[in-house]
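Enquirer: quick one: sequence and predicted model below, then my questions.
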Amino acid sequence: MGRKHRVEVHGCGQSFDAYDVLGVLYLNLTNHPLTMRPDKGEDFTIPSSGLHAHAQKNTDRVLEQYATGVEYRELRFFPEEDEQVKILQDIKWEHPEIIMIGSSIAAQAYPRHIVAPIPVEDKLRNDYERKQLVVYANRFVAY
């Protein structure tokens, strides 16, 4: 694991634990630890920061509908609380070097603020059931 780095966010008057690994600051916004794999070196684990990015479904639109009753839908997600948006904006503004990692839904709800991790292919199938998913430390999904 990396070195804990306490991040003071003056705009919201709060602080959070980010982790410095190989010169990159990560802030885990999920409710579970993230095991990450760099291109070189050992896997490392980033604990949850305690700050979570909550999202809500705002749009639900039918894209295709079949006679069998199956529907393909488009869902759009948006931030759940205005206060949370302000906190994440403050972090991004005051600490643009921090990579804020959340779920795919959170990344959609907070575009350009939160990114989603990408699972390491050789670990995906075997470890998903054991909840020991390993993700890339340098590849993310952004919306």
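Expert: Alright, I've got the coordinates.
Enquirer: what does the longest helix along the chain rub up against?
Expert: Within the chain, and with DSSP state H defining each element, the longest helix by residue count is helix 82-94. When contacts are defined by CB atoms under 8 Å, 6 or more residues apart in numbering, helix 82-94 is touched by residues 7, 9-12, 14, 16, 27, 51, 53-54, 79, 98, 100, 110, 112-114. The way it works is simple: take the backbone N, C-alpha and C, and place the C-beta from them, glycine included.
Enquirer: looking at those residues, which are in helices?
Expert: Taking DSSP H as the definition of helices, the contacts of helix 82-94 contribute nothing to them.
Enquirer: from residue 41, how far out is residue 114?
Expert: Distance check for residue 114 against residue 41: by CB to CB, to the nearest Å, it reads 25 Å.
Enquirer: ok, those two, which is more surrounded?
Expert: In terms of neighbours (other CB atoms under 10 Å), residue 114 is the more surrounded of residue 114 and residue 41; the figures are 28 against 10.
Enquirer: hmm, that one is touching residue 104, no?
Expert: No. Proximity of residue 114 to residue 104 does not meet the contact threshold set by CB atoms under 8 Å, at 9.7 Å.
Enquirer: quick one, what contacts the spatially most central residue of the chain?
Expert: With distances taken as CA atoms, centre = their mean, the chain has residue 102 as the residue nearest its mean C-alpha position (1.4 Å). Going by CB under 8 Å, 6+ apart, residue 102 touches 29-30, 52-53, 110, 114-116.
Enquirer: good, we can wrap up now.
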